[in-house]
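> one predicted model, sequence on top.
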Amino acid sequence: MIAKLIIKNKPQTTTSSLKQHELAKFAAISDTWWDSEDISVRIQTALGLFEGLKIVDVGCGGGILSEPLARMGAAVTGVDAVEKNINVARLHADLDPETSTIEYCCTTAEKLVEEQRKFDAVIALEVIEHVAAPAEFCKSLAALAYPGGATVLSTINRSMKAYATAIVAAEYLLHWLPKGTHQWSTFLTPEELVLILQRASINVKEMAGFVYSPLTGRWSLSDDISVNFIAFGTKDGQ
């Protein structure tokens, strides 16, 4: 799915979509981004695939997506509103010449819009469920993309299955995430996300689910969008 996101708008000033208590959650776990040594290679890479393309990773955390994108040839900008996350990302990226070129900024999508930044692809994985205003957030993502450019978002479905797996199991039983990381009421259904993106001038072209295999310990794409899912869309041309 990530490999399909690239194809090749008007700056607007928006209010911040940040929730301070959400930022505090991720500041508290900022030192754990690279606990798994092989985490960056779990994203399939192809050298040169994104050569010459400008990609922004919104809510980049410790850089676990930004680094593989850079290795595939993209000029990557990673942004996160949590300064500790950016510090961790910079330190890790500097360990490898292939990733040391990543531009990491402690900022927000809204501020990038005000700076009139533009990208071939805008990515925001597992971010929208933590913002205060999803519709405004998506408008900012759209404003960052060139006409015809790609937008990729992933999030969690507001379903009972998601409550059982993404909250009860992941946070309380398996302890993959600290308790309280997610709030079920902030999740979006796929239909809601598509509508929000359409209103932000992003046409959703493809959607897929993520499924975890306890036998292999890995995630894979699936037709099942009842829990984790990812959407790929393109910005309306102007």
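Structure received.
> which one is Val113 nearest to, not counting chain neighbours?
Residue nearest to Val113 in three dimensions, not counting chain neighbours: Ala143, with 4.6 Å by Cβ to Cβ, 6 or more residues apart in numbering. (Glycine included, C-beta is placed from N, CA and C.)
> how about the helices in the protein?
For the chain, the helices defined by DSSP state H cover 20-28, 66-71, 83-93, 109-114, 134-144, 160-162, 190-199.
> tell me which of those is the most buried.
With neighbours taken as mean count of other Cβ atoms under 10 Å, those reach their highest mean count in helix 66-71, at a mean of 26.
> what's that one packed up against?
When contacts are defined as 3 or more Cβ pairs under 8 Å, 6 or more residues apart in numbering; DSSP states H and E, helix 66-71 packs onto strand 54-58, strand 75-80, helix 83-93.
> and of these, who's closest to Asp120?
strand 54-58 (5.0 Å; Cβ to Cβ).
> next, the angle strand 75-80 makes with that closest one.
10 degrees (axes from the mean of the first three to the mean of the last three Cα atoms, to 10 degrees).
> pretty sure Gly237 sits against Gly148.
Yes: assessed by Cβ atoms under 8 Å, Gly237 is found in contact with Gly148 at 4.9 Å.
> if we can go back for a sec, figure out which of the helices of the chain is closest to Tyr172.
helix 160-162 (14.1 Å).
> give me the residues contacting the closest one.
Residues from elsewhere that reach helix 160-162 (Cβ atoms under 8 Å, 6 or more residues apart in numbering): Ile156, Trp184, Phe187, Ser226, Val227, Asn228.
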